[in-house]
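In: how would this look folded up:
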Amino acid sequence: MKEVTKRDILIYFSIVHRGEWSEIQKAILAHKPLNYEDVKSTIESCKSKVLTIFDPEYPEALSKIPSPPLVLYYEGDLSLIQDMDHCISMVGSRDCTEYARAKTVKIANELAKDGVSVVSGLATGIDTAAAEGAVKEGKAVAVLGNGLDYFYPSGNRKLQKDVGRLGLLLSEYPDGTHPRPFHFPMRNRIIAGLSAAVCIMQAAPNSGTYVTAALAATFGRDVGCLPFRSDEGNIGNALIQDGAMLIESAEDVYRMMKEEKVNQTIGKIVEKSYK
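Out: Below is the predicted model of the structure:
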C-alpha cells in the first residue's frame, strides 16, 4: 500500500472541505488516518491544476502572510506571480464611475506593457477594468472566490476564459465551488499578499476594498489611491491624507514601489477598518 504524502493530504482535505481554510486546518490537526485509494480517487476528481504551499513554485511572498492558502487551483502561467516586486494589485468598487474605470484600464495596460503582472478579483467594475487592461499583454492575474469552472459574474465568462488562456486564474476553492459572501474577504488576502503594492481605484467607506487596503498595509505592502472630487463619496482622498500614495499614472505606481519605507498608512487604515 502506498503512503499518502503531505502534498496529497493538503489537496485531499482542500477538495473535501471545499477550500475552507479553517476546516482544512482542523482536519489536518485531527491526525485521522487516511486511505491511499480514497485520497487518490478524490484528487483525481479535480480537473484543475493544483499548487500547494509545499511546492517550489508557490510564491514566497504569499507563504509569509497570515493564514496563507494551503492549496491553490490555477489555470495559466504561474511565472506571473513568482516575483512580488513585479506584481501590482488593482481593486475597487463594483459600481464604479466611468472616470475610475477608464483610469484603471489605462494604468493596468501601461503596467502590463512594461512587464508588470496586474492582480485583481475579476468582480464587476474596477476589477474587470484592471483585467481588461492587462489581459491582451498576457499579464492579467485574477483571483476568484469560487471554483475555476464557475463563471462569476456571468457577464465575465469570456474575460475569465481569456485570463486563463493568456494570463493566470487562481482560486483556493476547488472545482464545483459556487461563490459565497465569506469567500471574498478570504480572496482579498491573496490579492493583497501577491503584490508589492495595492492600488485602490475607487472605494466607499467600510467596503471590501477598504479591508483589502488594510490587509495590504498589515502585510507591509504599499497602498496607493486614485484621487476623486471631495463630494463623490470615495475614500481615496482620505487615505492619501493618511499617507497613501496618490496614483494617477503608471509612473506614480513605479514611484510608490521605489519607496524604501513601508507605507505609513498601516495604523490609520487598520484602525478605521476594524474599529
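
In: quick one: least confident helix or strand in this structure?
Out: helix 266-274 (a mean of 47; mean pLDDT, DSSP states H and E).

In: what residues are up against residue 46?
Out: Residues in contact with residue 46 (CB atoms under 8 Å, 6 or more residues apart in numbering) are 11, 15, 73, 174, 175. C-beta coordinates here come from the backbone N, C-alpha and C atoms, glycine included.

In: repeat for residue 164
Out: Contacts of residue 164 (CB under 8 Å, 6+ apart): 75, 76, 148.

In: So the first one, which state does it fall into?
Out: When the structure is split into helix, strand and coil by DSSP: H, G, I helix; E, B strand; the rest coil, residue 75 lands in strand.

In: so it bridges to which residues?
Out: Under the criterion DSSP bridges, residue 75 forms beta bridges with residue 169.

In: before we move on, back to that, distance to residue 64, neighbour count and pLDDT added to the contacts of residue 164, as CSV?
Out: Listed next are those as CSV, based on distance: CB to CB, whole Å; neighbours: other CB atoms under 10 Å; pLDDT from 0 to 100:
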residue, distance to residue 64, neighbour count, pLDDT
75, 25, 20, 98
76, 23, 21, 98
148, 25, 24, 97
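
In: and of these, the nearest to residue 250?
Out: Checking these against residue 250 with CB to CB, the nearest one is residue 76 at 23.0 Å.

In: distance of the closest residue to the closest one other than its chain neighbours from residue 69?
Out: Distance criterion CB to CB, 6 or more residues apart in numbering; nearest residue to residue 76, sequence neighbours excluded, is residue 168 at 3.8 Å. For residue 168, the distance to residue 69 (CB to CB, to the nearest Å) stands at 14 Å.

In: okay, the two: which has more neighbours?
Out: More crowded of residue 168 and residue 69, by other CB atoms under 10 Å: residue 69, with 27 against 22.

In: and the most centrally placed residue in the chain, what does it touch?
Out: By CA atoms, centre = their mean, the chain has its centre lying nearest to residue 191, at 2.2 Å. Contacts for residue 191 (CB under 8 Å, 6+ apart) come out as 89, 91, 119, 120, 121, 143, 198, 212.

In: same question, residue 247
Out: 107, 199, 201, 224, 225, 226, 253, 256.

In: Please convert those residues to CSV, extending it with pLDDT and neighbour count.
Out: Formatted as CSV, the contacts of residue 247 follow (pLDDT from 0 to 100; neighbours: other CB atoms under 10 Å):
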residue, pLDDT, neighbour count
107, 98, 27
199, 96, 33
201, 95, 31
224, 95, 28
225, 94, 28
226, 94, 25
253, 95, 25
256, 89, 20
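
In: what helices or strands is the longest helix along the chain leaning on?
Out: The longest helix of the chain (DSSP state H) is helix 98-113. On a contact count with 3 or more CB pairs under 8 Å, 6 or more residues apart in numbering; DSSP states H and E, helix 98-113 meets strand 87-92, strand 117-120, helix 126-135, strand 197-202, helix 250-257.

In: Let me have these in CSV, extended by distance to residue 103.
Out: Output for those, formatted as CSV (distance: least, CB to CB, whole Å):
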stretch, distance to residue 103
strand 87-92, 10
strand 117-120, 13
helix 126-135, 8
strand 197-202, 7
helix 250-257, 11
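
In: Nearest to residue 99 among the ones you listed would be which one?
Out: Closest approach to residue 99 among the helices and strands packed on helix 98-113 is made by strand 197-202 (8.5 Å; CB to CB).

In: Pretty sure residue 226 sits against residue 248.
Out: Yes. Counting by CB atoms under 8 Å, residue 248 is a contact partner of residue 226 at 6.8 Å.

In: Need the overlap of contacts for those two.
Out: In contact with both residue 226 and residue 248: residue 103, using CB under 8 Å, 6+ apart.

In: Check the gap between the spatially closest residue to residue 85 that is not a sequence neighbour and residue 90 for me.
Out: Leaving aside its sequence neighbours, residue 85 sits nearest to residue 196 (CB to CB, 6+ apart; 5.1 Å). For residue 196, the distance to residue 90 (CB to CB) stands at 12 Å.
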